[in-house]
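>>> Below: sequence and its predicted model.
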Amino acid sequence: MTPVTTVSGRAYPWGAKNIDTDVIIPAHWLKTITRTGLGRGAFETVRADPANIFDDPRYAGSPILIAGDNFGCGSSREHAAWALADMGITAVIAPSFSDIFSGNAFKNGIVPVVLPQEAIDRLLEVAQDQIVTVDLETMTVTTPFQDRFSFDLDAFRRQCLMEGLDEVGLTLARDTQISKFEEAVASNRPWTTVESGYASIGVEGDRRT
């Protein structure tokens, strides 16, 4: 997972409320076995309108999405986070998120930023023609007009995002401790190891019979 410390650039000033995961990525896209290409299906029903914001050249490649309340509600499909990431979105700013979506976003390197509606309204206005910056170091969202909005993020999630660590990365980061623990178990309780189990139960058992 790519480390995220600052996300800066144009933002999709959408602001739509109660956007569920089926809107983010329709069910017929869930048949894929790879994350690559899911961005093409992201917001498919919204993009059916030629005037949709996601295909507006002014916001092409924007790394930030500004959404409304209850973003990511509905089913728990992780494909929603995969689709956003494949679009190039690294941060979503909204008044609230579905808990499951928020967790999936974090696990896929997307920063879920919660701000009050007044801040969202201001960002929707600024994002029409200016950049927005999300800074995990200072835990703020800023604009070129000196707007500065502070947000909270779980300390563990913040650290993982900034260091680019997912579950696999967290496990590998503790490889030395895990190896030492396994060596100690094998030394102190050899009967619990797989090799010992095969020797005493499988091979020896066959010989006795």
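Okay, I see it.

>>> Quick one: the strands in this structure, in order.
For the chain, the strands defined by DSSP state E occupy 6-9, 11-13, 64-66, 91-94, 111-114, 132-135, 140-142, 148-150.

>>> mean confidence score for the third one?
What that stands for is strand 64-66. Per-residue pLDDT values across strand 64-66 average out to 98.

>>> can you check the fifth one too?
For strand 111-114, the mean per-residue pLDDT is 98.

>>> Can you list the strands that it pairs with?
strand 91-94 (parallel) (DSSP bridges).

>>> Restricting to C-alpha, output the partner strand in PDB.
Taking C-alpha atoms only, strand 91-94 is exported to PDB below (Å, rounded to 0.1, in the frame of the first residue of the first chain):
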ATOM      1  CA  ALA A  91      -9.300  10.900   0.000                       C
ATOM      2  CA  VAL A  92     -13.000  11.200   0.500                       C
ATOM      3  CA  ILE A  93     -14.400  14.100   2.500                       C
ATOM      4  CA  ALA A  94     -17.900  13.800   3.900                       C
END
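
>>> how far out from the middle of the chain is that strand?
Its chain's average C-alpha position is 11 Å from that of strand 91-94, according to CA atoms, centre = their mean, to the nearest Å.

>>> cool, stretch 68-83 as well?
Its chain's average C-alpha position is 10 Å from that of stretch 68-83, according to CA atoms, centre = their mean.

>>> end-to-end on it?
End-to-end distance for stretch 68-83, by CA to CA, to the nearest Å: 18 Å.

>>> Same question for that stretch: list its buried residues.
By 16 or more other CB atoms under 10 Å, the buried positions in stretch 68-83 come out as 68-74, 77-83. The way it works is simple: take the backbone N, C-alpha and C, and place the C-beta from them, glycine included.

>>> Cool, thanks, talk later.
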